[in-house]
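A.B. asks: Here is my input, please return the structure:
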Amino acid sequence: MKLARRQLLAFTALALAVPGAAFAQKPPIRVVVGFPPGGATDAIARAVVDRLPDILGQPVIVENKPGAGGRIAADAVLAAPADGLTFMLAPNATPTFLTLVPGHIVRWHILKDFTGVASIASYPLGMGVAANIGVTNAREFIEWVRKNPNKASYGTPGQGGQNAFLGEQLAKAAGIELPMTPYKGSPPMVTDLVGGHVPSAISLMDGLMVHHRSGRIRVIGVFTKKRSPLMPDIPTFAEQGLDVTAGEGWTAMWAKAGTPGTEVQRMQAAVRQVLEIPEVRELMIKRLWAYPSYRSGADTEAAQRAELAYWEPIIKASGFRAQ
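C.D. replies: All right, here's what the predicted structure looks like:
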């Protein structure tokens, strides 16, 4: 009886150990993010990636490669084998504006050199204004700019991206001069906005809403066609008479072109499963100000094509070129 019991315990221990051993023996999957830890894109990535190992039965890690608006991360993915072990997770601004703006600097095209895996989340972009300028809505901000041309500017987390061009469109629609103040990322920009060192800034809402709720800044509008269900009390610029509505951001996962379809579909199914987990949805909505929004790889690529078609003439007309 004792021998049988010892055999049973040994068998149970072996059965428990084998899955863990098999898990450890599988090579890790890298999800490369082109922004530093702690930012909005990194937070969205980790909300999803942290759940993937249990579903895929394989280690999955976030690898941050910040710099050049996401180009360093994209280049790293393209330099890796197309074997299903390396993916890129990026906001729409990365593939859109890196494809359209830098020209000779970027030697890839998002729809030719990458394969869409899945869209993960959507979120509005908005403008916050410093409390010390004393405005509460878009019209008051426009009047302040006209009265204070030497003080007026808007902060963006870098040059040549969606935030920057939204600012240009806003200025054009309002008939004002509004210079851009570029920052190296959102955190220092928001810090300056809260401190009153820059009068306005365009950003994802996760960096703005906590300060808006506390009264340290004022979010005067979002650049979407309709109010966001994430923040229904924030008006759109369109309803304030300014037709600037291309400010919905979204985050998606991409693989290098040529990655086996089975690997792409495996990851796509896992991402979809993660986005159905109530705790993940609650985290994104209540803490990240992003709405879990799954799209297949094909639908992600269709959305990307539409976005390229929308922004290309605007960027060409602006004459902007990366330095």
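A.B. asks: Give me the mean pLDDT for the helix or strand hosting L170.
C.D. replies: If you go by DSSP states H and E, L170 is part of helix 162-174. The predicted model assigns helix 162-174 a mean pLDDT of 91.
A.B. asks: Can you tell me what sits against it?
C.D. replies: Residues from elsewhere that reach helix 162-174 (C-beta atoms under 8 Å, 6 or more residues apart in numbering): 92-93, 96-97, 125, 127, 138, 142, 145, 154, 156-158, 177-178, 180, 182, 202-203, 223, 237, 242-244, 246-247, 249, 311, 314-315, 318, 320. For glycine as for every other residue, the C-beta is placed from the backbone atoms N, C-alpha and C.
A.B. asks: Would you show me how to pick out the buried ones of those in ChimeraX?
C.D. replies: Of the contacts of helix 162-174, the buried ones go into a single ChimeraX selection, burial set by 16 or more other C-beta atoms under 10 Å:
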select :92,93,96,97,125,127,138,142,145,154,156,157,158,178,180,202,203,223,237,242,244,246,247,249,311,315,320
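A.B. asks: which ones among the contacts of helix 162-174 are found in helices?
C.D. replies: The helices in this structure, assigned by DSSP state H, contain 93, 96-97, 138, 142, 145, 311, 314-315, 318 from these.
A.B. asks: ok, so of those, who is nearest A40?
C.D. replies: A93 (11.3 Å; C-beta to C-beta).
A.B. asks: What's the separation between the closest one and V31?
C.D. replies: 18 Å (C-beta to C-beta, to the nearest Å).
A.B. asks: likewise E263?
C.D. replies: Distance from E263 to V31, by C-beta to C-beta: 13 Å.
A.B. asks: Show me which of those two is the more surrounded one.
C.D. replies: Neighbour count, other C-beta atoms under 10 Å: between E263 and V31, V31 has more, with 23 against 18.
A.B. asks: Out of the ones in helices among the contacts of helix 162-174, which one has the weakest pLDDT?
C.D. replies: On pLDDT alone, S318 ranks lowest of those, at 71.
A.B. asks: Let me know the helix or strand that Q273 is in.
C.D. replies: Counting by DSSP H and E, Q273 is part of helix 261-275.
A.B. asks: How about the contacts made by the spatially closest residue to L100 that is not a sequence neighbour?
C.D. replies: Spatial nearest neighbour of L100, chain neighbours left out: I315 (5.1 Å); criterion: C-beta to C-beta, 6 or more residues apart in numbering. Contacts for I315 (C-beta under 8 Å, 6+ apart) come out as 97, 100-101, 165.
A.B. asks: repeat for K226
C.D. replies: When contacts are counted by C-beta under 8 Å, 6+ apart, K226 touches T236.
A.B. asks: where's it relative to W250, distance?
C.D. replies: For K226, the distance to W250 - C-beta to C-beta - is 15 Å.
A.B. asks: What of D113?
C.D. replies: Counting by C-beta to C-beta, the gap from D113 to W250 is 20 Å.
A.B. asks: the more surrounded of the two?
C.D. replies: Per other C-beta under 10 Å, whichever of D113 and W250 has more neighbours is W250, with 21 against 17.
A.B. asks: Which helix or strand contains the closest residue to the more buried one other than its chain neighbours?
C.D. replies: Distances taken as C-beta to C-beta, 6+ apart put S122 closest to W250, at 4.4 Å, once the chain neighbours are dropped. Assigned by DSSP H and E, S122 falls within strand 114-130.
A.B. asks: average pLDDT across that strand?
C.D. replies: Here the average pLDDT along strand 114-130 is 96.
A.B. asks: Please apply the same query to stretch 63-82.
C.D. replies: Rounded mean pLDDT across stretch 63-82 is 92.
A.B. asks: which residues sit against that stretch?
C.D. replies: Contacts of stretch 63-82 (C-beta under 8 Å, 6+ apart): 30-37, 42, 86-88, 90-91, 93-95, 97-98, 102, 105-106, 108, 113-114, 158, 160-161, 185, 254-260.
A.B. asks: Of all the residues in stretch 304-315, which ones are buried?
C.D. replies: Buried residues in stretch 304-315 (16+ other C-beta under 10 Å): 304, 307-308, 311, 315.
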